[in-house]
Every structure is written in C-alpha cells, then in structure tokens.
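Asks: would you be able to build a 3D model of this:
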Amino acid sequence: QVQLVESGGGLVQTGGSLRLSCAASGGTFSSYAMGWFRLAPGKEREFVAAISRSGAITKYADSVKGRFTISRDNAKNTVHLQMNSLKPEDTAVYYCAADSRTYSLDYYVRIGMGYWGKGTLVTVSS
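Replies: Sure, this is the predicted structure:
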C-alpha cells in the first residue's frame, strides 16, 4: 500500500508560482497512475491533473490548463505540480492521489483515486 506525502504549499500573490511535490513510499511507484485534486472551502473536491504510469499521458482540468504542469520522476518516486499564473480561485487544499488499477485517466477524473495524501494548503492572495 502506497503512502503519499505532499509538500510545497504556501501563500503566494496573484500571478505567482508554486511547485507542489508528492513523495510516495511503500509501493512500486511506477505501477501507480498519479493525480492532484483540490478542495476549496464550501466547494466539492475538484480534479486538477493526472499523469499515467510512464508519464507519457497527462490530463488537466480546463480551469488549470496552460497554467499547471504535472510531472513525475519514477526513479525518485515523486510527482510534481508546477503551478504558474496563480489566481485567488486556485486557493485550496491540494491532495496527491494514486491508483494502481488499470483504468484510464478519464475514469480517475470522474471517480477519484484509491490512495490519498493528507494535503497541502495553497493560498493565493489578491
């Protein structure tokens, strides 16, 4: 069973950048699709980005497309989320997620993933 620990959250001004990281342990990292989801106050959980096991396929929410980039390093068991041009509406707790089932990234967008980290808070001030 994989354990996920996020880092890199913080306070940033509108237009700024942050890079979130997620360190995985306890499993074969390359066998997991990875993703980022976020939860803002008063809102439902929202898909942000996902990446396939090899890193060849990525998927983004329309709200972050062109601003966020997901990447992974299978040698270091890490996944990153580079967030640029941040907006106040990006303020949320960001969760790293993983799933070892052989579903498409579109499936994970709709259903979520099987393993979750505890989250890291991103606050974008206006």
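Asks: from here on, contacts and neighbour counts on C-alpha atoms
Replies: OK.
Asks: got the buried residues for stretch 108-119?
Replies: 108, 109, 112, 113, 115, 116, 117, 119 (16 or more other CA atoms under 10 Å).
Asks: so what touches the helix or strand bottoming out on mean pLDDT in the chain?
Replies: When the helices and strands of the chain are scored by mean pLDDT, DSSP states H and E, helix 105-111 comes last with a mean of 90. Contact partners of helix 105-111, identified using CA atoms under 8 Å, 6 or more residues apart in numbering, comprise 33, 47, 50, 51, 52, 58, 59.
Asks: most neighbours among the residues you listed, which one?
Replies: The most neighbours of any of these, using other CA atoms under 10 Å, belong to residue 50, which has 29 neighbours.
Asks: out of the buried residues of stretch 108-119, who's nearest residue 10?
Replies: Of all these, residue 10 sits closest to residue 119, with 11.7 Å by CA to CA.
Asks: give me every residue that touches the closest one.
Replies: Per CA under 8 Å, 6+ apart, neighbours of residue 119: 5, 6, 93, 94, 95, 96.
Asks: most neighbours among the residues you listed, which one?
Replies: Most surrounded of these: other CA under 10 Å gives residue 96, at 30 neighbours.
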